[in-house]
Each structure stands twice: as structure tokens, then as C-alpha cells.
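Peer 1: I would like to see how this sequence folds:
(chains A and B)
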Amino acid sequence: MRRLHIPSPFAVLPWKLLIVVTALTGFGLLILYSSAAGALTWALPQGIRFVVFLGMAIVMSFFRSQFYKEWAFLAYGGVLVLLMLVEAMGAMGGGAQRWLDLGPIRIQPSELMKPAVVIAVARFYDMLPARELTRWTAVWPALVLIGFPAALVMLQPDLGTAIAVTTGGATIMFLAGLPMRYFVGAGAAVAVTIPIAYNFVLHEYQRHRIAIFLDPEADPLGTGYHITQSKIAIGSGGLTGNGFLQGTQSHFAFLPEPHTDFIFATMAEEWGMLGGLFIIFCFAMILKWGLGVALDSRGKFEKLTAAGLTMTIFFYVAINMMMVMGLAPVVGIPLPLVSYGGSAMMTVMICLGVLMSIDRQNRLDPRRGNGD
Amino acid sequence: MKWPKIAPVNESAQAAMFSRRSVMVGAGWGGVGALLAGRMGYIAIAENQRYREAAEENRVQMRLIPPRRGWIVDRHGHPMAVNRSDFRVDLIPDRLEDPDRVIAELTRLLGLSPEDVQRIRQGLEAAAGFQPVPVAEHLSFEKFAAVSLRLPELPGVSPLRAFSRYYPEGAAVGHLIGYVGTPNRDEYEEEDRNPLLIAPGFKIGKEGLEQVMEQRLRGVPGAARVEVTARGRLVRELRTLPDRSGPPLHTTIDAGLQSFAARRLGDESGSCVVIECATGNILCLASMPAYDPNAFTDGIGRSEWAMFAEDERKPLLNKALNALYPPGSTIKPANSLALLAAGIDPEERVNCPGGYQLGNRFFQCLGRHGPMTMHTAIARSCNTYFYAMGRRVGFDRIAPVWRELGLGERFELPVVSQSYGTVPDSAWKQRRYDRNPKAFYRRDWTESDTLNASIGQGYVILNPLQLATYAACIAAGKRVRPRLIAGEGPDPGPLPYSPDQFQTVRHGMWEVVNGAGTAGRSRLPFPDIEMCGKTGTAQVRNLGASSSRGQGGEWRYRDHGLFVFFAPYDRPLYAGACVIEHGMGGSRAAAPVVKDVLTYLFDKDKAMAALLPLEQQWGGNIAERMQRRAEAWAARGSAPGGGEAEGA
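Peer 2: From the prediction side, this is the model:
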């Protein structure tokens, strides 16, 4: 490969990734413009936000991964304190709260917890010698690191984020090399627990919700309405869509949340299957790049962190798209980089910032190309 | 621990395991990605048609455009019911999200009264889904615009530019034409849930011609394919099929005459019917007091309804069709025709000593008339003559003649209901006795039954339209039947009596007004036009010989005054009947009204000149007097609290 003579700080930026991320967000801005009926109401703040968070991610990429490794537990502890603070304030204010108001910015600690858990659990397995992996000491600290924040988020109550936090941590445990039987066993336990819980533990209304999730059209005026209208929007788009600014489902307010959680449906109505494949392709590129970074890494911390953060991004994308297509329940999870809103974008940019930092280290590694 | 021992892991094995498991995770992601792409393809490509239709169903609605109702016009094309452009606001219950907030907002914007709010709330409770509940009509453009502007925050509110019905003649045509109103649930179900009936602003005929001629007046609704948002806001019209308004309904009524007659009836409770002799066309079918159909069309409150329902002059009853009276002496011309047909010589004299002795019972006459021929008996309304002759012929030979003349008949007319009364005979009495023996002394027809029926009392009850029809038959010498719609209904047919026989009867009626008769004061003010008629006084209750005979005292016990007539004498054009309830006598109450009504047909100015001083004396025209009465009613303070929508 012929090397261009570019100043090295720029040359080592993962340009392919940045182009994909920018293209995806740019497409998102077009959709936001359309869902505001041809106005910049949402597209403009979202664009500004993107520039700010992308700058933040690039700055993060210039820190060495050693930095994140050293600060992993402290960052985790800090976010945990914030999370407890939110909880306490919610309890005092007499209502559930997810935000911390810090003057001009509002911080949602549960969002920050997603990358924080990944980094902390990765740090734990980084410190753990390989021979310890089969022992109980390899399991319980990770479970505590994951379970405590997950339980706090659950209290908010925010089931979606709790599952996201758990999934990120569990992915690290899996990739760290814990015996496979643990995961098979846990899976089996869950499979047995669910029907028991459904029949004996859950309240009538909770069972009703699950029933509606399984068959949304049974409740056409409630939750099912969201799913039904979303499927109509996606389905009526066909292969090439109805054209930019031509979606009636979103513009005539049949589709709920057309610029946040259901933005994929808004897009699909106007851009069709091709637009959907474009978004799926872009995310596939990002995930592939993230997994590549993990596989290229030398250090255990870097490997696990990179894979776990990529998993965090994947979780957003997969759950959101499954939700709008009627494959998952309606939980408030946005489509990162595309949906309007700062929290998810910030989380994803933190993930990308750390990933780029690891990537940069991999490329600067003198042993690179010599094989492991 | 019975689990097989797990081999310890070293660092390089761990790294290899990481790579292996990463690939597994990556494969899982790829699988999910493929699943999503496949799912999207299934929804967007395979089921595209279905969802495309669903999206279309969401956004495109068919909206009915209510047709404009056909006008109702009189014989000269003068409008009696028209449509006026109108701004209105309705509520669509199914789209309403927060009724309390919306009603409060509308109350602020439109200045609704508490009674309006009550009516709207009750309407919402009774309404079926998409059936609109009227909020306000006849709005100014400013108020209409104020609501239209705030529409995005007022889901379920439907402002509309529509047409409302207007009756220029007001109360004068109330009973005849009826009124229109928002269809109720029963009417909606009855028409198989015709969606037109729940279109905002659509109204259906509720009484009179408006109800009977509903399907003819309605017209054909148009349809608009419109794009709407989820909240029902109109985005644009895609295609419109225009409505076709209903054809005008040509009636036989003379609106001017109808209005004049209604005004001339004044504060009396009564009716006046005028028929064109040559055709049977009804020129005037006035019944007073009446409701103002304009007020009823907007829907009226409960207290207003109570005012009408409790009024002893019965403004809700069409007295020309649905009130029955003993005809009294007005029946004597019909009896005269029957006597002639039975072979009685009209010159034969009957002596009147002031009554007629039947067994041990003495039947009263109004005076000691001395020797009477048929002519003088009609002119002076001698009961004795008709007692004697009726008894000689027998009532079973008189009743068929009555029926030929339309008495007791249910006419083929486009009216909501007619009370057709009773023309009794022996067969009738036996039938009724078998059904209810307690109502009669005995089963067979007695001679005293004949005597009572001969002077229009006893079992006889008839409505004013029948009396008018019978007068027209006498005047025309033909079997005339009333008609209300131009060009529709039976043409006059022959009657089995000779012109001489008719002429004898008509001459007797001439004498009543123009000679030594009972209605001499009601001659027409024209030298060459002579009115003929017959007065009648119907007892409201049998008071016995010593009492005041219903000529005074409490209003509701006074005798009814009746008058049947035709004019002019030499070539009859118009015939009719007038009944003034508790008017105490035909010559006193009914004949003067008829005199002015007929005057109107020949000289409008002269008639108006007679009417205006009277109206001044009564305290204004119909609308002014109704207004004053409504205010007096409201001021009584006994109006029941709360206003329930009724008759709307």
C-alpha cells in the first residue's frame, strides 16, 4: 500500500470510519428535515450536536488506551455516584428521574454507564490472570460490577438501558473466556424462569403488556398502535420509497415519535428498502471496523474494551430496528446517530472515541504486521 | 463437585479463545443484520401492497357533502322554506380527547350559555360515535374564524360552512311545513345507518312537509376524497363529486293567504282552511297558535318546550288536521243535500215551535222559527226542521252522503298524521258497542241518535279540513278532494246529485250571509262578490238547559265557533272552513275571520287595512306576540332548571 505523506496525527485517523459515520448522520439529518415537514427544527441542533460530539470523539482518540485503562475503575465509580445521585434526587423529588441538570447540559448517567461498565469489566479481566478464569473469583466481581448499576437503572425504571448495561458486561465476560457452560447454564435458567415468572410472578397488566408485544395488532389503540403504524410506514415505502418529504404516515401524525424512536420508519416510508439497506450497511461497516479493532489489539484490556463497546453500539441498533419492525417490544431506545437526541449520540461517540484510541495504538504498534 | 474438571487456561489460550468467540459474536451480529434486512424486505416488498393500502386508508377519507335541501315553494313559486349560508361548529364524539377542556375552550371562544353547555353534554352522552353534536349555529365570521384557527388544539371540533333552513313566513307555516333537525339515533338506525345522516350539519325533516317529503327534498349527497391527518385535520381535497341539491317542492299553498290567515286568527286557538273549488288544491292550511319552525330548526331548550307543551291553546297541534270537533250546524247543508237525495221536497214546511218532541224528550231549537222550508231552515239554522226531516229519512241514508262529501275520510295527503273523526251510523254504533258496551246506553241506533247527528252533535266529530272539503264539494257540485302538492292527487270527480239539488243547498248558504241569515254581519266588502256559508256552534260539554249554554265563563268550557263557506256565490272559486276553539259561536268568531281571509283573495290591500288595526289591538304581529309570551314565560321564574335538548 502506497503511503501518502500526510501529517501523522491525521494519517492515523480512521478515515473510512469517519466517512461512514458522517454519511449516516448526514442521512439522518435529511430525515429529520423531512419529519419536521421541511424545516430545520430538529436537523440543525442535531447537526451542531454531531459536530461537537465528533470533535470530542477525535480528541478522545488522541489519548493512549493506557489512559482509559488506568482511569477505568474511577470513571465507573464516578458514574455510579452520579447514578445514585439521580436516584436520590428522584426519591426526594417524589418522582422517577433520569436526568442530572448541570446548568446548560443535562447528563443522563445511565447512558454514561453503558461504556463505563464495559471498560470496568474489561479492566477487571485484564488484571485477572488467565489461570484464574475457571475459578469463582473470575465471576463474582464482574457480576457485582454489572449487577449494581443495572439494578439502579432498573429502579428508574428503565428496562431497556438495564438490559443494555447487562448485555455489554456479559459480552465482556463471554469474550474474556469464561467457561462456555456458564453461559449455556444461564441461558437455560432464563428459558426456564421466563414461563414461570410469566405465570406466577408477573401482575396481570405486565402479562398483558407481554401479550401485546407478542401480538401488537391485538391492541390497535394502545402500544400496538405504534407498531402497526410503524409497519405501515415501512411497508408502504416499498423498494424505493415515496420520495423525500412525501411520507404521509409521519407528516400526518399517524406515526408516533417520527423523529426519535421511530425515525427508521419515517425514513423507510420516504426512502424505501434501499434507504433501510443503506443504514444497515453503514452500521455493519461500523461494527465490522469495531470488531476488527478488537481483533487487531494486543492487550487484553484493549481487545475486550473494543469488542464490548462495539457490542454496545450494536445493541442500540439491533433493538431499535427490531422494535420498529415489530420484532421487539416498544422500549424507548433510539437509533444512534440518526434519531434526534443527544444522549445516545454522546454514548456512541464515547464508544467510538475509545475505539479510535485503541485503533490508533494498534496502527502505531511497531510489531504491527509482524503477526501475533 | 460432580462437574468434570475444567482445564486451566493460559494467556495464549485465552487470546485464541477471544478471537474464536469474537468471530462467534460477529457472526451473531451478521445474523441479526440479515434478519433485519430480511424482515424489512418482507414488510416493504412482499407485503408492500397491503401496507400501501393501509397507509392510504389512514390518510384518505371519503367525506360526504350534504346536499342542499330542495326549497318548498307556494303555488306562485314564492319560497316558504329556503336555505341560508351559515357558519356552524359541531363536536365529533369519537375524535374528542378531552371533552371538558374542549367545551371550556369553546365556551370561551363562542360565549356559550350554561344551557348550551348542558345541551352539548347531554348530546355527547346520547350521540353514537361519529354522529356530530351541534355546538353553535348562525355564527359570525369572526367567531367561526376564531375556532378554525385554534383547530390543532381542539381535536374533535368541526367548524363547517353549511346551509341552514329558513322559513320566511315563520310561525304562519309551522304546522304545515314542519321543521328540520339533526337526525337522532332512531332515524339513523332506521335508514340503515346511512352515513349521510351523521354528516356534520346535515338535517332531516322532523314534521309536516319537511318530514313527509324528506326523500324528495333531500337531493343527492356529493363526496369528497380528502387527505386528513391523524387528528382529522383536512390537508387537501383530492377529488370532489359535487352534490345535487333537492328539487323544489311545489305546493298548492298560497303563501300570502296562509300568512294572512294565520295573522288574522290572532290570539285565538283555531284553524282556517281554504280550498280551490275547481281542483281541490289547498290554498291555506293555517293552524294557530303555532311554533316558529326557525326556532325549532336550531333545537330548543327544555323550558321553551315546556312552554309549548303546557299552553292550553296547544301550539304543537295542527288543528286543521289533528283536532276534531262536533260540526254543529255547519253540517246542515250536507244534511240538506242528503234530504234532497232522499226525495224530500225542499219547499215542504216544518213548523218550529222552539224544539222537537221525541217521546218524552224535548230537543231544543235556538228559537221559535215557525214554518220553515229547507231554504229558511239553512239560513236561520233551524234545528227543528232537521230533527223532523232527519227522523223521517233515517240517519243511515244521511251518513253515506256525508262520506261522499269527504266527511270522516282519511285523505291521500302528504301529512304526518290526520285525525279523521267519526261519521256514525247504525253499523258503526253496533261495532263500537261490541267493543266497549260501557260507552253506550244501547247497541242499536236510536231516533234520538239520529236527531243529535242531524244537527252535528252526538257521536259526530270531524276535522276542519274535512269540513272545508265538504264545502268545496257543495260549491263545485263535484267530488272534490284536497291536494297539497301541485299536480299530484285526485282530480275532482262526479257526485250522484243533480245541479238543482246543489243549487238549492248553495242558495240556502247564500241566504245565511246575504239575506235573513245568521252571518249577515260578515258579508264581503264587495258589491259583486258574495260569500255563502253556514255557521255552527259546537258544545264543548253538555251543560243542560238552565246554564249559560257555553256562551261565557271559563275559556276552556266555552263553545267552539265554526264556519263553512264558499265564494263567490254565482261561480264558486274558493271554499273552506274555519274553526275558532271556544269562540262561542260561528257567526261571532269564525265568520268574521273568513270574511277577511276571502277579502284577501280578492283585494289584498283592503284585507291588510282590516288586519293592521286588529294586530295593533292585539299587541303586534305574530313574532312580536310570541316573543312577548316567551319572555313572560321565562319571567314567571317557574321554568324548570337545566335545559334538556328536545325536539331538536
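
Peer 1: Please count neighbours and contacts with C-alpha atoms only from this point.
Peer 2: Noted.

Peer 1: count of neighbours near the closest residue to chain A within the stretch 151-300 of chain B?
Peer 2: Residue of the stretch 151-300 of chain B nearest chain A, by C-alpha to the nearest C-alpha: B:Thr229 (4.2 Å). Here the number of neighbours of B:Thr229 (other C-alpha atoms under 10 Å in any protein chain shown) works out to 19.

Peer 1: and if you look at A:Phe63?
Peer 2: Applying other C-alpha under 10 Å, I find that A:Phe63 has 17 neighbouring residues.

Peer 1: who's in contact with it?
Peer 2: A:Ser357 (C-alpha atoms under 8 Å, 6 or more residues apart in numbering or on different chains).

Peer 1: did I read that right, it in a helix?
Peer 2: No: the assignment for A:Phe63 is coil, going by DSSP: H, G, I helix; E, B strand; the rest coil, so no helix is present there.

Peer 1: Quick check: the gap between it and A:Phe301.
Peer 2: Applying C-alpha to C-alpha, to the nearest Å, the value for A:Phe63 to A:Phe301 is 15 Å.

Peer 1: about what we covered before: hmm, the residue of the stretch 151-300 of chain B closest to chain A is touching A:Ser250, no?
Peer 2: No: B:Thr229 sits out of contact with A:Ser250 when judged by C-alpha atoms under 8 Å, with a separation of 9.6 Å.

Peer 1: remind me, longest helix of chain A?
Peer 2: Secondary structure of chain A read by DSSP state H shows that its longest helix is helix A:263-296.

Peer 1: What is the subsequent helix or strand relative to it?
Peer 2: Per DSSP states H and E, helix A:263-296 leads on to helix A:300-324 as the next helix or strand towards the C-terminus.

Peer 1: Can you name every helix or strand that the helix or strand following that next one contacts?
Peer 2: Using DSSP H and E, the helix or strand that follows helix A:300-324 towards the C-terminus is helix A:342-364. Contact partners of helix A:342-364 among helices and strands, from 3 or more C-alpha pairs under 8 Å, 6 or more residues apart in numbering or on different chains; DSSP states H and E: helix A:43-61, helix A:65-93, helix A:109-127, helix A:263-296, helix A:300-324.

Peer 1: Report the distance from the longest one to the chain centre.
Peer 2: With C-alpha atoms, centre = their mean, to the nearest Å as the basis, helix A:263-296 stands 13 Å off its chain's centre.

Peer 1: ok, now the first one?
Peer 2: Using C-alpha atoms, centre = their mean, the mean C-alpha position of helix A:43-61 is found 17 Å from that of the whole chain.

Peer 1: The longest helix of chain A vs helix A:300-324, what angle?
Peer 2: Angle, helix A:263-296 to helix A:300-324, by axes from the mean of the first three to the mean of the last three C-alpha atoms, to 10 degrees: 160 degrees.

Peer 1: Kindly calculate the angle that helix A:263-296 makes with helix A:342-364.
Peer 2: Regarding helix A:263-296 and helix A:342-364, their directions subtend 30 degrees when assessed with the same axes, to 10 degrees.

Peer 1: What is helix A:263-296 packed up against?
Peer 2: Going by 3+ C-alpha pairs under 8 Å, 6+ apart, helix A:263-296 lies up against helix A:15-35, helix A:223-237, helix A:248-251, helix A:300-324, helix A:342-364, helix B:11-41.

Peer 1: same thing but 6 Å
Peer 2: Using 3 or more C-alpha pairs under 6 Å, 6 or more residues apart in numbering or on different chains; DSSP states H and E, the elements in contact with helix A:263-296 are helix A:223-237, helix A:300-324.

Peer 1: and it, what's its mean pLDDT?
Peer 2: Per-residue pLDDT values over helix A:263-296 give a mean of 95.

Peer 1: before we move on, the earlier item: comparing the helices and strands packed on helix A:342-364 by mean pLDDT, which bottoms out?
Peer 2: Going by mean pLDDT, the lowest-scoring of the helices and strands packed on helix A:342-364 is helix A:65-93, which has a mean of 88.

Peer 1: which residues of the stretch 201-350 of chain B score low on pLDDT?
Peer 2: Within the stretch 201-350 of chain B, the ranges that satisfy pLDDT under 70 run B:232-233.

Peer 1: Quick check: residues of it near chain A?
Peer 2: Residues of the stretch 201-350 of chain B lying close to chain A (C-alpha under 6 Å from any C-alpha of the partner chain) are B:Thr229, B:Ala230.

Peer 1: which bits of the stretch 51-200 of chain B sit near chain A?
Peer 2: Taking C-alpha under 6 Å from any C-alpha as the contact definition, the stretch 51-200 of chain B meets chain A at B:Tyr51, B:Arg52.

Peer 1: Can you show me the helices along the stretch 51-200 of chain B?
Peer 2: Taking DSSP state H, counting those that start in this stretch as the criterion, the stretch 51-200 of chain B carries its helices at B:99-110, B:114-126, B:141-149, B:174-177, B:185-190.

Peer 1: Pick the most deeply packed of the ones you listed.
Peer 2: Highest mean neighbour count among the helices of the stretch 51-200 of chain B (mean count of other C-alpha atoms under 10 Å in any protein chain shown): helix B:174-177, with a mean of 26.

Peer 1: ok, back up a step: can you mark which positions in the longest helix of chain A are buried?
Peer 2: Neighbour-count burial for helix A:263-296, with 16 or more other C-alpha atoms under 10 Å in any protein chain shown as criterion, is recorded at A:263-277, A:279-296.

Peer 1: still on that earlier bit, could you dump the helices and strands packed on helix A:342-364 to a markdown table with distance to B:Val117?
Peer 2: As requested, the helices and strands packed on helix A:342-364 are arranged in a markdown table below (distance: least, C-alpha to C-alpha, whole Å):
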| stretch | distance to B:Val117 |
| --- | --- |
| helix A:43-61 | 44 |
| helix A:65-93 | 39 |
| helix A:109-127 | 49 |
| helix A:263-296 | 41 |
| helix A:300-324 | 43 |
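
Peer 1: Out of those helices, the one nearest B:Pro195 is which?
Peer 2: helix A:263-296 (32.2 Å; C-alpha to C-alpha).

Peer 1: tell me the angle of that closest one relative to helix A:223-237?
Peer 2: Angle of helix A:263-296 versus helix A:223-237, following the same axes, to 10 degrees, is 80 degrees.

Peer 1: Could you tell me the angle between helix A:263-296 and helix B:11-41?
Peer 2: Using the same axes, to 10 degrees: helix A:263-296 against helix B:11-41 is 160 degrees.

Peer 1: Let me know the angle separating helix A:263-296 from helix A:15-35.
Peer 2: Inter-element angle recorded for helix A:263-296 and helix A:15-35: 170 degrees (by the same axes, to 10 degrees).

Peer 1: wait, B:Pro221 sits on B:Pro66?
Peer 2: Yes: between B:Pro221 and B:Pro66 there is a contact under C-alpha atoms under 6 Å: 5.0 Å.

Peer 1: neighbour count winner among the two?
Peer 2: Of the pair B:Pro221 and B:Pro66, B:Pro66 is the one with more neighbours under other C-alpha under 10 Å, namely 26 against 18.

Peer 1: State the distance from that one to B:Val73.
Peer 2: Applying C-alpha to C-alpha, the value for B:Pro66 to B:Val73 is 21 Å.

Peer 1: Which of the helices and strands packed on helix A:342-364 sits closest to B:Met372?
Peer 2: Nearest of these to B:Met372, taken as C-alpha to C-alpha: helix A:263-296 at 100.4 Å.

Peer 1: Tell me the residues of chain A that contact chain B?
Peer 2: Among all residues of chain A, those adjacent to chain B (criterion: C-alpha under 6 Å from any C-alpha) are A:Ala130, A:Arg131, A:Leu175, A:Ile232, A:Ile234, A:Gly235, A:Ser236, A:Gly238, A:Phe252, A:Ala253, A:Phe254.

Peer 1: ok, the fifth one touching A:Trp271?
Peer 2: What that stands for is A:Ile234. No: using C-alpha under 6 Å as the test, A:Ile234 is too far from A:Trp271 to be in contact (9.4 Å).
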